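# A structural model of the following input is requested.
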Amino acid sequence: MFGIPGKQAVTMTDKAAKQIAKLMAQGGTQGLRIGIKKGGCAGMEYTMEYVSEIDPHDEVVEQDGARVMIAPMAQMFLFGTEIDYEVSLLESSFQFRNPNVTDACGCGESIKFKDADELTAEQNAE
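Okay, here's the model as predicted:
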């Protein structure tokens, strides 16, 4: 597990926790797994999937009935991220406020992260 002892890898706003708990109840799942994959014009994309079993290597974050699992390869890149849920006239979606992102494409679908060595140094300084 990556991170600082006693500090959650990610946090959720009340809106995000409520929506995740609602999705868990509707789908009968253990929660949502968040990860990253290569793709998009900025280089990386977030992934979200329903989970029926918790992987022992996932970092688990629970809040107000919501459960999010962080895939092992994503833990370093998502540390310090706040997950929000926003509803607008045209769409509703989860938003990631990630301090590790250095750039994002114009459509907001892909991101670029700080160098892994830089991330490790910053997180060890906390």
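# Ile70 and Cys41: what is the separation?
Computed as Cβ to Cβ, to the nearest Å, the Ile70 to Cys41 distance reads 24 Å. The C-beta positions use only the backbone N, C-alpha and C, and glycine is treated the same way.
# for these two, indicate the residue with more neighbours.
Comparing Ile70 with Cys41 by other Cβ atoms under 10 Å, the one with more neighbours is Ile70, at 27 against 12.
# quick check, the more buried one in contact with Ala9.
Yes. Ile70 lies in contact with Ala9 (Cβ atoms under 8 Å); the separation is 5.2 Å.
# what strand or helix carries the residue nearest the centre of the chain?
In the chain, the residue lying closest to the centroid (Cα atoms, centre = their mean) is Ile34, at 4.9 Å. Taking DSSP states H and E as the definition, Ile34 sits inside strand 31-38.
# looks to me like Lys15 is in a strand.
No. Assigned with DSSP: H, G, I helix; E, B strand; the rest coil, Lys15 falls outside any strand and is helix.
# could you report the neighbour count for the spatially closest residue to it that is not a sequence neighbour?
Of all residues not flanking Lys15 in the chain, Tyr85 sits nearest, at 4.3 Å (Cβ to Cβ, 6 or more residues apart in numbering). Neighbourhood size, Tyr85 [other Cβ under 10 Å]: 18.
# same question for the one 4 residues further on.
One way to gauge burial is a neighbour count; for Leu89, by other Cβ under 10 Å, it gives 4.
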